[in-house]
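Participant: output the structure for:
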Amino acid sequence: MFGTMRKFLLLAGLGFLTSAALAAVLLGVFEAPAHTDYALEKALHREKSGGRILWHAMPVEAAYQAVGQRRTPFAPAQARAPRDRKEYLVSLLALTDAALAERVSLQLRLQGGPAVVETPGEAASNYETILESIKGLPSPRALVPAEALLYEAIDEQRRYLALWESSGKRGYFNPEAPLVVSSHQKIAAARQKLLHVFREESLHNRRSVSDHLTALDFR
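Facilitator: Residues are numbered from 1 along each chain as shown. Take a look at the predicted model:
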């Protein structure tokens, strides 16, 4: 499934803010067409927060293609939700995309794909930044349960990949591993909760939420 994406494995910078300001940075980006030029995508997203920069081992668009998942950008201009919920969702989906790119690049390497210019330490730092950023979002009360599920699901993916790395068993992905199953269940539950909260949204934006979380789920 990942063979067609080998040419995309480049190390490039992609920064995300860890506060509500993230929404303002991304509002104009999510409606833009998908970029095949990663340098352009990187330039649009790059930001610093407290000296921390989140680095991806592959473009987000390439990660979606690698897992064979449609990517539907969220369209804030179409959103019917209150401003705080809309801005929060833009921020959250940006961070699930960051987790997707991290997971796919690691999974490619562990499944015997081409080497990724990223050390285990860098991967751990990226996951730490993603999780801290999720925890730091200004969460509307109705979205706290979904956020908690996604936080735990991403952390379980991180832990599974770390165990896989340390096992030395390259090339073998176990979809029935407890952490994989648990992560899958939590992503499914988070999807259901988000779609319920945003049930008045357009079909496009509901599809965007579903596509983001389907891509994140690696079971």
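Participant: need phi/psi at residue 166.
Facilitator: The phi and psi torsions at residue 166 (degrees, to the nearest 10) take the values phi -70, psi -20.
Participant: pLDDT score for it?
Facilitator: For residue 166, the pLDDT comes out at 86.
Participant: cool, residue 31 as well?
Facilitator: Looking at residue 31, its pLDDT is 34.
Participant: give the buried residues for the top helix by length along the chain.
Facilitator: In the chain, assigned by DSSP state H, the helix with the most residues is helix 83-110. Within helix 83-110, the residues that count as buried by 16 or more other CB atoms under 10 Å are 85-110. Just so you know, the C-beta spots here come from the backbone N, C-alpha and C atoms, and that holds for glycine as well.
Participant: can you map out the helices along the chain?
Facilitator: Using DSSP H, the helices of the chain run over 21-26, 38-45, 60-66, 83-110, 120-135, 144-167, 178-197, 203-216.
Participant: same list (the ones you listed) but as JSON lines, adding distance to residue 73.
Facilitator: Shown next, in JSON lines, are the helices of the chain (distance: least, CB to CB, whole Å):
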{"stretch": "helix 21-26", "distance to residue 73": "10"}
{"stretch": "helix 38-45", "distance to residue 73": "12"}
{"stretch": "helix 60-66", "distance to residue 73": "10"}
{"stretch": "helix 83-110", "distance to residue 73": "9"}
{"stretch": "helix 120-135", "distance to residue 73": "19"}
{"stretch": "helix 144-167", "distance to residue 73": "19"}
{"stretch": "helix 178-197", "distance to residue 73": "16"}
{"stretch": "helix 203-216", "distance to residue 73": "6"}
